[in-house]
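Asker: Here's my sequence, what's the structure:
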Amino acid sequence: MAAAEHSAPRRTLPQVLAAFDRAIGLDVTPRAWTASTWVAEPGATPQLEAPTPAPTPRPVAVARPATIAAVAAPHGPAAIVDAEPHAFDPRVLRGTDDHGGRSALLADIEARHAARCPHCTRSTTHRSIVFGEGSPGAKVFFVGEAPGETEDLEGRPFVGQAGQKLDEMIAAMGLARADAYIANVLKTRPPGNRTPLPDEAARCGPYLVEQILAVRPTVLVTLGGSALRFLLGVETGITRVRGNWHEWKPPAGADLAPIPVMPTYHPAYILRTYTLEVRRQVWSDLKAVMDRAGLPATPPS
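Answerer: Take a look at the predicted model:
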C-alpha cells in the first residue's frame, strides 16, 4: 500500500486548537453556555479587556421628515459620499404594537431592500441577501456587522461558528433564537469578509434602522465595533465601551422613544480569545440586558 493510505486523516482547525488546549491543560469539554457555565471557574471559556467609562453617544439619524438622509451621518461627510437619500415609509416611522402588523412591515422592508438598496443591488460579490430573522415582537435586538461565508451560502444571519456562539449566548439568557431578532448593518457579504466600509454602511444601514423601527425592541445589543459605529457614531474601541449603556435615537419623525444600547463583543472575537475573563465580561453584559429587558434573572440551564 502507498504510504498515504496509512497516514492519519487530516484534522480540522478546531480539532487542532482543541488538541492544543488539552495539551496546555484547558478543559475543552463541549458545554452549552448556560448561566452557570458563564460564571464557572477556570475551564473552557472566553477573554476580553476591562471597560472604561463610555463616551457620550451621538444621535444616529438626521433629519427631514419626508426623506431622512443618510442615517450614518455621525460618520461625517466622507462616509456618505454618493449615498442616496433614504425615504422612510410613514408606516415604518409610525410603527405598530400589533404582531401581525410588525411582520407585514418587516416583509415590506425586506422587499424594498432587495429592490432598491443602493449598496446591495450593486454588489457583485455575494450569493444571498441576508436580511435578518427573529420575532417581530422581540425585546432584544442583536446587531452584527455583515454576513460571513456561511451566512452568504445559507441566506441567514449568524449561522456559522460565530452564530453558534451567539445561539449559546441567547440560550444563556433563557431565550430561544426565535425569541430575539438578529440582523446586520450590511445585508450582503463584503469581499473577503472584510469590515464594512463607512460608505457601504451609509447606503445599506438605513434598512437596519427600518428593521429596528418595525420591531421596536426594548434593548439593542451591538456585537462588535462596526455595529456600534454605525448606530451611535462611537469610534472608541469596543474593549473600552462594552458593558456601558448607551442610547440610540431614532430618526426624526419616528414615533419611538430612544432605545438603550448595550455594546458587547462580537461572537467571533469571543472564539478568538476564549478565556474566563472574556466570558465573565460578556455574561455581565448579557445580565444587564436581561435586567433592562425584564427577563428572568436566573434563566433555566
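
Asker: Which positions in stretch 134-146 come out as buried?
Answerer: Neighbour-count burial for stretch 134-146, counted by 16 or more other C-beta atoms under 10 Å, picks out 134-136, 138-146. C-beta: built from backbone N, CA, C; applies to glycine.

Asker: ok, which pair from these is furthest apart?
Answerer: 139 and 146 (24.3 Å; C-beta to C-beta).

Asker: Kindly tell me how buried residue 114 is, as a neighbour count.
Answerer: The local packing of residue 114 (other C-beta atoms under 10 Å) involves 14 other residues.

Asker: What of residue 194?
Answerer: So residue 194, with other C-beta under 10 Å, has 9 neighbours.

Asker: Check the gap between it and residue 125 for me.
Answerer: Remark: distance between residue 194 and residue 125 (C-beta to C-beta, to the nearest Å) = 10 Å.

Asker: And residue 212, what's its pLDDT?
Answerer: Residue 212 is assigned a pLDDT of 98 by the prediction.

Asker: That one contacts residue 259, correct?
Answerer: Yes. Between residue 212 and residue 259 there is a contact at 7.2 Å, judged by C-beta atoms under 8 Å.

Asker: Which one's more surrounded, these two?
Answerer: Higher neighbour count among residue 212 and residue 259: residue 212, with 23 against 18, using other C-beta under 10 Å.

Asker: where's the more buried one relative to residue 140, distance?
Answerer: Distance from residue 212 to residue 140, by C-beta to C-beta: 12 Å.

Asker: Identify the contacts common to the two.
Answerer: Overlap of the contact sets of residue 212 and residue 140 (by C-beta atoms under 8 Å, 6 or more residues apart in numbering) is empty.

Asker: on that earlier part again, specify which member of the buried residues of stretch 134-146 is nearest to residue 107.
Answerer: Distances from residue 107 to the buried residues of stretch 134-146, taken by C-beta to C-beta, are shortest for residue 136, at 9.5 Å.

Asker: picking that back up, joint contacts of residue 212 and residue 259?
Answerer: Joint contacts of residue 212 and residue 259 (C-beta under 8 Å, 6+ apart) are 220, 248, 250.

Asker: are any of those residues buried, and which?
Answerer: Here, 16+ other C-beta under 10 Å leaves 220, 248, 250 buried among the shared contacts of residue 212 and residue 259.

Asker: can you give me the strands for the protein?
Answerer: 133-134, 140-144, 181-184, 219-223, 246-248, 259-264 (DSSP state E).

Asker: Can you tell me which of those is nearest to residue 101?
Answerer: strand 181-184 (15.3 Å).

Asker: For residue 124, see how far away residue 202 is.
Answerer: Note on residue 202: its distance to residue 124, by C-beta to C-beta, is 19 Å.

Asker: of those two, who's got more company?
Answerer: Taking other C-beta under 10 Å, residue 202 and residue 124 do not tie; residue 202 has more neighbours (28 against 6).

Asker: what about residue 209, neighbour count?
Answerer: So residue 209, with other C-beta under 10 Å, has 25 neighbours.

Asker: these two touch, right, it and residue 253?
Answerer: No. Taking contacts as C-beta under 8 Å, residue 209 lies outside contact range of residue 253: 11.8 Å.

Asker: any shared contact partners between the two?
Answerer: Counting by C-beta under 8 Å, 6+ apart, the residues touching both residue 209 and residue 253 are residue 88.

Asker: Could you dump the strands of the chain into CSV and include mean pLDDT and distance to residue 167?
Answerer: Below are the strands of the chain laid out as CSV (pLDDT from 0 to 100; distance: least, C-beta to C-beta, whole Å):
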stretch, mean pLDDT, distance to residue 167
strand 133-134, 98, 12
strand 140-144, 98, 11
strand 181-184, 98, 10
strand 219-223, 98, 13
strand 246-248, 97, 24
strand 259-264, 98, 15
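
Asker: Ok, which of those strands comes nearest residue 236?
Answerer: strand 259-264 (9.7 Å).

Asker: Quick check, pLDDT for the closest residue to residue 178 other than its chain neighbours.
Answerer: Nearest residue to residue 178, sequence neighbours excluded (C-beta to C-beta, 6 or more residues apart in numbering): residue 135, at 6.1 Å. Confidence at residue 135, expressed as pLDDT, is 98.

Asker: Please give me every residue in contact with residue 135.
Answerer: Here residue 135 is in contact with 178-181, 215 (criterion: C-beta under 8 Å, 6+ apart).

Asker: and what of residue 112?
Answerer: Remark: with contacts taken as C-beta under 8 Å, 6+ apart, residue 112 is in contact with 89, 207.
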